[in-house]
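Trainee: below are the sequence and a predicted model; questions follow.
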Amino acid sequence: MESDQLQQYVPVLILTAVALAFAVGNLVISVVLGKIGKRTKIKDTPYECGMLPEGAGSSRLSVKFYLVAMLFILFDIEVVFLYPWATVYKDLLADPLQKNVIFGSMVSFLGILFIGYIYAIKKGAFDWNKR
């Protein structure tokens, strides 16, 4: 009986061995081929449509970009939590003891997010003309 259960893990062990061999093989091949191909300084310069590159490779972005990105993540996560709640809300209302708790928890969640939205508006996070 125990040998039958252990035999069920043989395909998993084979798959693990193949995956490890593939990963290690790719690393070894990249090291070997990397030593064969000598890289010069000219090969390492970025190619920009035949023009010589000007300036730094990466430019600095405004803090406003990161602020808008964080606000997008905040309100995107709101939808991620709101959608499953909305899909099962009707089923959750069947329990009369939890009816107010379920609705109150989502209202408090949306209230906290609304306070964050008002804070962002007061700080001028959505005003692109400000510095």
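Mentor: Thanks, I have the structure now. Residues are numbered from 1 along each chain as shown.

Trainee: make it CA atoms for all contacts and neighbour counts henceforth
Mentor: OK.

Trainee: make sure I have this right: F126 is in a strand.
Mentor: No - checked against DSSP: H, G, I helix; E, B strand; the rest coil, F126 lies outside a strand; its state is coil.

Trainee: quick one: residues contacting it.
Mentor: Contacts for F126 (CA atoms under 8 Å, 6 or more residues apart in numbering) come out as V68, A120.

Trainee: now it. Its backbone dihedrals?
Mentor: Dihedral pair for F126: phi -100, psi 0, per degrees, to the nearest 10.

Trainee: for I115, see how far away it is.
Mentor: From F126 across to I115, the span is 15 Å (CA to CA, to the nearest Å).

Trainee: pull the helix or strand bottoming out on mean pLDDT in the chain out as CSV, backbone CA atoms only.
Mentor: Ranked by mean pLDDT, DSSP states H and E, the weakest helix or strand in the chain is helix 41-44, scoring a mean of 73. In CSV, the C-alpha atoms belonging to helix 41-44 read as follows (Å, rounded to 0.1, in the frame of the first residue of the first chain):
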residue,chain,number,x,y,z
LYS,A,41,33.1,48.7,-25.6
ILE,A,42,31.4,49.6,-28.9
LYS,A,43,29.2,46.5,-28.7
ASP,A,44,28.0,47.6,-25.2
